[in-house]
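> need a structure here:
(one chain, ligands or ions: 1)
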Amino acid sequence: MPELDLKTLPRHVAIIMDGNGRWAKQKLRGRVFGHKQGAGSVREVVTCCRRLGIPYLTLYAFSKENWNRPEAEIRALWGLLDRFLKSELPDLVSKEIRLIHIGDTEDIPPYVLKQLRSTEEITRNYDKMTINLALNYGGRQEIVRAAKLFAGDILSGRIGTGEISPELFSSYLYTSGCPDPDLVIRTGGEIRVSNFLLWQLAYAELYFSELLWPDFHEENFIEALKEFQRRERRFGRTGEQIKSVILGI
Ligand code: FPP
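This next block holds a predicted model:
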């Protein structure tokens, strides 16, 4: 088995953590049990990224569409996220990891929002790694929000229409200042992006795993990184062009 090449790791990995419910069902347990177990996989992946020096990790923890779930599950998920933020804070501090919320703040239960804001505040100066926690997040909603803010700045004259560019537009997204994901991982066997980082994943490598999220452990994450390293990222160029850039000819 080839070793992981520490020099060509992705800078930003984004993960759709799917399959908690099915994992619990297989074990004849309630869905919330699956989410609790899923928090363990989150810890493993965060620890692994920090150890390898991957500076950005984005986790899709609660989507706009998740509001359609049974009310009891929604309540339990927010409770779990709140407890997770509290329990992981010492670890974020000791590992100097910054946590940033991406997503809409309205509708997030106030007690969770308070915890989120305080975690963001406490960790804001850490630069060893950044976790973007996507909560109440939707990719289309993010783009529309950015377009509104952008239009506001154009109408007020702060920005001239000649300045409109993809780079400037990106700075209105929640992920402003963060490089686009190089690798997106989705567990749980579904092959779709489900309204996740629609703008940002334009050139991302996509990796789909049949494993349910609670069964996705460090070795599976490493396997995804190795697969990423086997891919040739061309960004619209030909394979020959890429080789000549690498060889400097
Ligand atoms: C998808 O599984 C998972 C979620 C909707 C929530 C993700 C939440 C966690 C992993 C809990 C902990 C997270 C953090 C950041 C502490 P699903 O319920 O859609 O599974 P299914 O497709 O089998 O129904």
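> Can you show me the strands along the chain?
12-16, 56-63, 97-102, 129-137, 183-186, 205-208 (DSSP state E).
> With distance to Ser194, mean pLDDT and mean neighbour count as added columns, please give those strands in a markdown table.
(C-beta placed from N, C-alpha, C; glycine too.) Shown next, in a markdown table, are these (distance: least, C-beta to C-beta, whole Å; pLDDT from 0 to 100; neighbours: other C-beta atoms under 10 Å):
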| stretch | distance to Ser194 | mean pLDDT | mean neighbour count |
| --- | --- | --- | --- |
| strand 12-16 | 6 | 98 | 25 |
| strand 56-63 | 7 | 97 | 23 |
| strand 97-102 | 15 | 98 | 21 |
| strand 129-137 | 11 | 98 | 23 |
| strand 183-186 | 8 | 98 | 24 |
| strand 205-208 | 12 | 98 | 17 |
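> So for Leu116, which of the ones you listed sits nearest?
Leu116 lies closest, by C-beta to C-beta, to one member of these: strand 97-102, at 5.0 Å.
> Which pLDDT value goes with the nearest residue to Thr105 once chain neighbours are set aside?
In space, and not counting its chain neighbours, Thr105 is closest to Leu113: 6.1 Å by C-beta to C-beta, 6 or more residues apart in numbering. In the predicted model, Leu113 carries a pLDDT score of 98.
> Looks like Leu113 contacts Asp107 (just checking).
No: between Leu113 and Asp107 there is no contact under C-beta atoms under 8 Å: 9.6 Å.
> Neighbour count: these two, which is higher?
A count of neighbours by other C-beta atoms under 10 Å puts Leu113 above the other of Leu113 and Asp107, at 18 against 10.
> follow-up on the earlier one: can you tell which of the strands of the chain is closest to the ligand?
strand 56-63 (4.1 Å; C-beta to the nearest ligand atom).
> can you list contacts of the closest one?
11-17, 42, 45-46, 49, 77-78, 81, 102-103, 129-138, 175, 178-179, 181, 194-197 (C-beta atoms under 8 Å, 6 or more residues apart in numbering).
> Repeat the analysis, applying 6 Å as the threshold.
By C-beta atoms under 6 Å, 6 or more residues apart in numbering, the list of residues contacting strand 56-63 from outside reads 12-16, 49, 130-136, 178, 196.
> Stretch 202-220 now?
Contacts for stretch 202-220 (C-beta under 6 Å, 6+ apart): 17, 19-20, 22-23, 37-38, 41, 44, 48, 181, 183-189, 191, 224, 227-228, 231, 235.
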